[in-house]
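In: A structural model of the following input is requested.
(one chain, ligands or ions: 1)
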Amino acid sequence: MSYDVAIVGGGIVGLASALTLARETGARAVVLEAENDVARHQTGHNSGVIHSGLYYKPGSLKATLCVQGARALYRLCEEEGIAHQRCGKLVVATAAEDLPRLAELERRGQANGLAGVRRLAAEEIAGVEPHAAGIAALHVPETSIVDYPAVARAYARRVEAGSGRVLTGARVTGVRRDGPGLVVETARGAVACALLVNCAGLQSDRVARLCGAEPGVRIVPFRGEYYDLAPERRSLVRGLIYPVPDPRFPFLGVHLTRRVDGSVEAGPNAVLALKREGYRWRDVSARDLAATAAWPGTWRLAARFWRIGVYEVRRSLSKAVFVHDLRELVPEIRPADVHRSGSGVRAQAVDAQGGLVDDFHIVRSERAIHVLNAPSPGATASISIGERIAAMAAEALD
Ligand SMILES: Cc1cc2nc3c(=O)[nH]c(=O)nc-3n(C[C@H](O)[C@H](O)[C@H](O)COP(=O)(O)OP(=O)(O)OC[C@H]3O[C@@H](n4cnc5c(N)ncnc54)[C@H](O)[C@@H]3O)c2cc1C
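Out: Numbers count the residues shown, from 1 in each chain. Below is the predicted model of the structure:
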C-alpha cells in the first residue's frame, strides 16, 4: 500500500487532519488506527463540550484554533445532522480569591472575540442556573455540547468518501526510511508514504521516537473520573456549571456538564494513571510506569505540586470528598444523587523541567509532523488543528 501521507491515530485530531489534508493539498492519506474502531481513547472519553475559547491566553494556538475550530465544527454538525445544543456555561466564583481570576477570564473572553459573555452578581446566578450558588459568575452563552465520537465517525466517512482510507486494527510498530520516503510497519502490513503525521495521543511521544525524533517532552497520563447525576436530579443543572480554574492547572476542578443524551455528568478529577490507557486504578503497565518514572520532569512536577496530587487521589477514592466539592457549585447535591460512571485519560505533555505544556504543541522532524500536546479544547479545535497540519504537510511535501 502506498500513500502520500500516513496519519498515525484515528482519534478526532488524526481524522480531521486526514480530511483537511485531502481537501487542501489533494494528498492521498491513510489513517492508521491501532484499535478496532476510531475514537476509542481521548476522543471517546471526553466531556463533549464545544468550548467557546474563554480560558485561553489571547494569541495562543489554543485561543485561535478553538474559536475558529468551533465555527467549523458547528458547520459540520449542521451538514451532517449531528445533534448539538447551545446550552451555555456558567463559571462560578465561590470564594473571594476567585474574583481576580474571574475578571481575567472575562478579559480573555473579550480578547478572544466571544459574543455575549456577561458578568453576573450573586443574586443573578439563579436566573441562569436556578440551583447554582456563588458570589459572582460569568455566563458564556456560546458554549455547546456535542457527541464527539459521532463527529469523529463523520470525519472518517468523509475521508473514505474522498481519496483517503481509514485502516483500523493497524497499530504502528515501526518506521524506516526507504529512499525519499518512509515505510510504516503496522499490524496490517507495511504502508509506504512520503510523510508521516503523528496524532497518536497518549502514545505520541513514543511514535515520535519510532520516527527517530526526540520529542523533548513525555506524555504523562492523567485519568479523570466522572460521576453521573441520578435521572430524577438532572433538573438541578440546565447547562454547564464550572468552577473558576486555577491557571496553573486549567484541567483541575470538578464541574457539572449536561450531555446531548440528557444525562448530567460530574467531574472529572485528575490522578496519575498507572497505564497510558488506564481507565481504572487496577489498570497497571510496568512499561508505562517505568517511562513516567524515568522522565526527570515527572519528579520535578511531583515535587512542586504533591499536595494537590494527594488531594486529587483522596477525591478519587472518596465519594464524600467529591460530593463536597460539587456542593460548592450546587449545594443541593447529596451523595445519593450521584453514582460513579466512566473515566478518560488525558495525554499531557510534560517537559524535562516539570512544566505542563499548556498550548497545543505541533513540531516537524524529517519527513514527519508530530502532535505532541493536544489537550482540551483539542476536540473543539480539531478541524483547525487539521488545517494547520495540512499547511505544514503541504510545505513538507514540496
Ligand atoms: C477527560 C477528558 C475530557 C475532555 N473534554 C473535552 C471537551 O469537553 N471538549 C474538548 O474540546 N476537548 C476535550 N478533551 C480533549 C479532547 O478529548 C482531545 O483534545 C482530543 O480527543 C485529542 O484527540 P487525538 O486524536 O489527539 O487523541 P485520541 O483521541 O487519544 O486519539 C489518538 C489515537 O491514536 C491511536 N494510537 C496510539 N498509538 C498508536 C499506534 N502506535 N498506531 C496506531 N494508532 C495509535 C489511539 O488508539 C487513539 O485512537 C478532553 C479530554 C479528556 C481526556
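In: mind listing what Asn198 touches?
Out: By Cβ atoms under 8 Å, 6 or more residues apart in numbering, the contact set of Asn198 is Val8, Gly9, Ser204, Val207, Ala208, Cys211, Ala368, Ile369, His370, Val371, Leu372. Backbone N, C-alpha and C define where each C-beta goes, glycine included.
In: contact partners for the fifth one?
Out: It refers to Ala208. Ala208 sits in contact with Asn198, Glu214, Pro215, Ser365, Ala368, His370, Leu372, where contact means Cβ under 8 Å, 6+ apart.
In: what are the buried residues along stretch 93-106?
Out: Ala93, Thr94, Asp98, Arg101, Leu102, Leu105, Glu106 (16 or more other Cβ atoms under 10 Å).
In: state the pair within those residues that is farthest apart.
Out: Thr94 and Glu106 (16.7 Å; Cβ to Cβ).
In: re the thing from before, of the contacts of Ala208, which is the most crowded?
Out: The residue in the contacts of Ala208 with the most neighbours, by other Cβ atoms under 10 Å, is Asn198 (30 neighbours).
In: next one: the spatially closest residue to Ala136 that is not a sequence neighbour from Ala121, what distance?
Out: Nearest residue to Ala136 in three dimensions, chain neighbours excluded: Ala93, at 4.6 Å (Cβ to Cβ, 6 or more residues apart in numbering). Counting by Cβ to Cβ, to the nearest Å, the separation of Ala93 from Ala121 is 11 Å.
In: can I assume the residue nearest to Ala136 is in contact with Pro100?
Out: No: taking contacts as Cβ atoms under 8 Å, Ala93 lies outside contact range of Pro100: 9.7 Å.
In: of the contacts of Asn198, which are in range of the ligand?
Out: Val8, Gly9, Val207, Val371 (Cβ under 6 Å from any ligand atom).
In: so how many other residues sit close to the second one?
Out: Right, Gly9. 30.
In: name the residues of stretch 163-175 that are buried.
Out: In stretch 163-175, counting by 16+ other Cβ under 10 Å, buried: Gly164, Arg165, Val166, Leu167, Thr168, Ala170, Arg171, Val172, Val175.
In: ditto for stretch 184-197
Out: Quick answer for stretch 184-197 (16+ other Cβ under 10 Å): Val184, Thr186, Val191, Cys193, Ala194, Leu195, Leu196, Val197.
In: for stretch 210-224, same thing?
Out: Result for stretch 210-224 [16+ other Cβ under 10 Å]: buried residues Leu210, Cys211, Ala213, Pro215, Val217, Arg218, Ile219, Val220, Pro221, Phe222, Arg223, Gly224.
In: now those in TSV, with secondary structure and pLDDT?
Out: Putting the buried residues of stretch 210-224 into TSV (DSSP: H, G, I helix; E, B strand; the rest coil; pLDDT from 0 to 100) gives the following:
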residue	secondary structure	pLDDT
Leu210	helix	97
Cys211	coil	97
Ala213	coil	96
Pro215	coil	94
Val217	strand	97
Arg218	strand	97
Ile219	strand	97
Val220	strand	94
Pro221	strand	95
Phe222	strand	93
Arg223	strand	93
Gly224	strand	91
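In: and the lowest-mean-pLDDT helix or strand in the chain, what does it pack against?
Out: One helix or strand of the chain scores below all others by mean pLDDT, DSSP states H and E: helix 296-317, with a mean of 83. On a contact count with 3 or more Cβ pairs under 8 Å, 6 or more residues apart in numbering; DSSP states H and E, helix 296-317 meets strand 217-229, strand 271-272, helix 319-329, strand 338-351.
In: alpha carbons of the last one, as PDB, please.
Out: Only the C-alpha atoms of strand 338-351 are listed here, as PDB (Å, rounded to 0.1, in the frame of the first residue of the first chain):
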ATOM      1  CA  VAL A 338     -24.500  10.700  42.100                       C
ATOM      2  CA  HIS A 339     -23.100   7.400  41.100                       C
ATOM      3  CA  ARG A 340     -19.700   6.500  39.500                       C
ATOM      4  CA  SER A 341     -19.600   6.400  35.700                       C
ATOM      5  CA  GLY A 342     -16.800   6.400  33.200                       C
ATOM      6  CA  SER A 343     -13.400   8.000  33.000                       C
ATOM      7  CA  GLY A 344     -11.000   9.500  30.500                       C
ATOM      8  CA  VAL A 345      -7.200   9.700  30.300                       C
ATOM      9  CA  ARG A 346      -5.600  12.900  29.200                       C
ATOM     10  CA  ALA A 347      -2.300  12.800  27.200                       C
ATOM     11  CA  GLN A 348      -0.500  15.600  29.000                       C
ATOM     12  CA  ALA A 349       3.000  16.500  27.700                       C
ATOM     13  CA  VAL A 350       5.400  17.300  30.500                       C
ATOM     14  CA  ASP A 351       8.800  18.900  29.700                       C
END
